[in-house]
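Novice: Okay, sequence plus prediction incoming.
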There are 2 protein chains.
Amino acid sequence: MSKAPYWFEDFSPGTRFETEGATITESSILDFAFRFDPQPFHLDAEAARASIYGGLIASGFQTLITAFRLWHGLRVMNPSSQGSPGMDEVRWLQPVRPGDTIHVEAEVIEARASVSRPQLGIVTFRFEVFTHRGVKVMSWTSVSLCLRRPENRPPETLET
Amino acid sequence: MSKAPYWFEDFSPGTRFETEGATITESSILDFAFRFDPQPFHLDAEAARASIYGGLIASGFQTLITAFRLWHGLRVMNPSSQGSPGMDEVRWLQPVRPGDTIHVEAEVIEARASVSRPQLGIVTFRFEVFTHRGVKVMSWTSVSLCLRRPENRPPETLET
């Protein structure tokens, strides 16, 4: 599964990837919350116990960015990806709690050539995040702009 | 606009909020990228110059979480919000570059009672992020589970 570099031509519907894991600690939940998402059920263990979650849970943004970092670590995006116009159907399905180890499974949903930029293709990925217990905690779809193989790019675009 | 605490009953379609600003520096872009999103156009000023962006741009996740932190700072979510099931139509519309100061404008799109949890309502917000030049750089919608006013909650749910 690790055959970097990947280019647009390497992404066809059904292609799947699976990342390594990352453990979410109470400390990382509190640190992330203090900086980015200080809602009580992420930042205050006592308030979290009294909340509908019954204890501290990770910010959904922490789960998202940790998942993205794991995904990036596969070296599937570099050097091909030229960014993303957006994400759809971002869902936080179950809480992520201290001690959970999460990993990401990704699948190519669609891959098509860019009309306006002949050096690029447009790839839609479906992402699912699971805990070590097999609980799906998060999912979303995302579009990436991916460079074609160098030999398939118009010469005038080869500086990108 | 600052009349905390807000409860579910305070959110009706058309209610609008505007946050203070936050300046995105080159340093914060590089720091965030190194930790969370090390794509070359976020992490490597030289590679970024040669990319389709022509220079360093902030990770879209940095823009998102900075915007959420600004939103949280209005004290509209605490203590009412009990978390979110997800986001839709997350769009990165224009790059955010070093020196850009961003702020968030939010509007209530829908507010309805929860059927399964009588202490909660379900509020859909539309978020838009602008630079100091008035350029819309990001938008998304998000659903929040919001507590009703204490006097409107069934007594058996008042611990949450």
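Specialist: On my side now, so go ahead.

Novice: CA only for contacts and neighbour counts going forward, please
Specialist: Will do.

Novice: From residue B:92, how far out is the residue positioned nearest the centre of chain A?
Specialist: Nearest residue to the geometric centre of chain A (CA atoms, centre = their mean): residue A:68, 3.1 Å. Separation of residue A:68 from residue B:92 (CA to CA, to the nearest Å): 16 Å.

Novice: same thing with residue A:109?
Specialist: From residue A:109 across to residue B:92, the span is 20 Å (CA to CA).

Novice: With neighbour numbers in mind, choose between the two.
Specialist: Neighbours were counted for residue A:109 and for residue B:92 using other CA atoms under 10 Å in any protein chain shown; residue B:92 has more, 23 against 18.

Novice: Quickly list what the more buried one is bridged to.
Specialist: For residue B:92, the beta-bridge assignment (DSSP bridges) gives partners residue B:138.

Novice: gap between it and residue B:129?
Specialist: Residue B:92 is 10 Å from residue B:129, by CA to CA.

Novice: can you check residue A:10 too?
Specialist: For residue A:10, the distance to residue B:129 (CA to CA) stands at 34 Å.

Novice: One more: residue A:130?
Specialist: Residue A:130 is 31 Å from residue B:129, by CA to CA.

Novice: between those two, who's got more neighbours?
Specialist: Per other CA under 10 Å, whichever of residue A:130 and residue B:129 has more neighbours is residue B:129, with 26 against 21.

Novice: Relative to the whole chain's centre, how far out is stretch A:116-125?
Specialist: Its chain's C-alpha centre and that of stretch A:116-125 lie 19 Å apart, by CA atoms, centre = their mean, to the nearest Å.

Novice: Please identify the buried residues of it?
Specialist: Within stretch A:116-125, the residues that count as buried by 16 or more other CA atoms under 10 Å in any protein chain shown are A:119, A:120, A:121, A:122, A:123, A:124, A:125.

Novice: what does stretch A:66-77 give?
Specialist: By 16+ other CA under 10 Å, the buried positions in stretch A:66-77 come out as A:66, A:67, A:68, A:69, A:70, A:71, A:72, A:74, A:76, A:77.

Novice: Show me which of these is closest to residue B:32.
Specialist: Set against residue B:32, the nearest of these by CA to CA is residue A:69 (11.2 Å).

Novice: Distance of the nearest residue to that closest one once chain neighbours are set aside relative to residue A:61?
Specialist: What sits nearest to residue A:69 in space, not counting adjacent residues and going by CA to CA, 6 or more residues apart in numbering or on different chains, is residue B:36, at 5.4 Å. Note on residue B:36: its distance to residue A:61, by CA to CA, is 11 Å.

Novice: roughly how far out does the lengthiest helix in chain A sit from the chain middle?
Specialist: Ranked by residue count under DSSP state H, the longest helix found in chain A is helix A:60-73. Mean-position distance between helix A:60-73 and its chain equals 5 Å (CA atoms, centre = their mean).

Novice: Could you check the angle that helix makes with helix B:60-73?
Specialist: Helix A:60-73 runs at 170 degrees relative to helix B:60-73, counting by axes from the mean of the first three to the mean of the last three CA atoms, to 10 degrees.

Novice: Counting by contacts, list what helix A:60-73 packs against.
Specialist: If you count contacts as 3 or more CA pairs under 8 Å, 6 or more residues apart in numbering or on different chains; DSSP states H and E, helix A:60-73 packs onto strand A:101-113, helix B:26-36.

Novice: Please list the outside residues in contact with the longest one.
Specialist: By that I understand strand A:101-113. Residues from elsewhere that reach strand A:101-113, judged by CA atoms under 8 Å, 6 or more residues apart in numbering or on different chains: A:8, A:11-24, A:67, A:70-71, A:120-132.

Novice: Let me know the distance separating the residue nearest to residue A:123 when sequence neighbours are not counted from residue B:120.
Specialist: Nearest residue to residue A:123 in three dimensions, chain neighbours excluded: residue A:111, at 4.4 Å (CA to CA, 6+ apart). Distance of residue A:111 to residue B:120, given as CA to CA: 41 Å.
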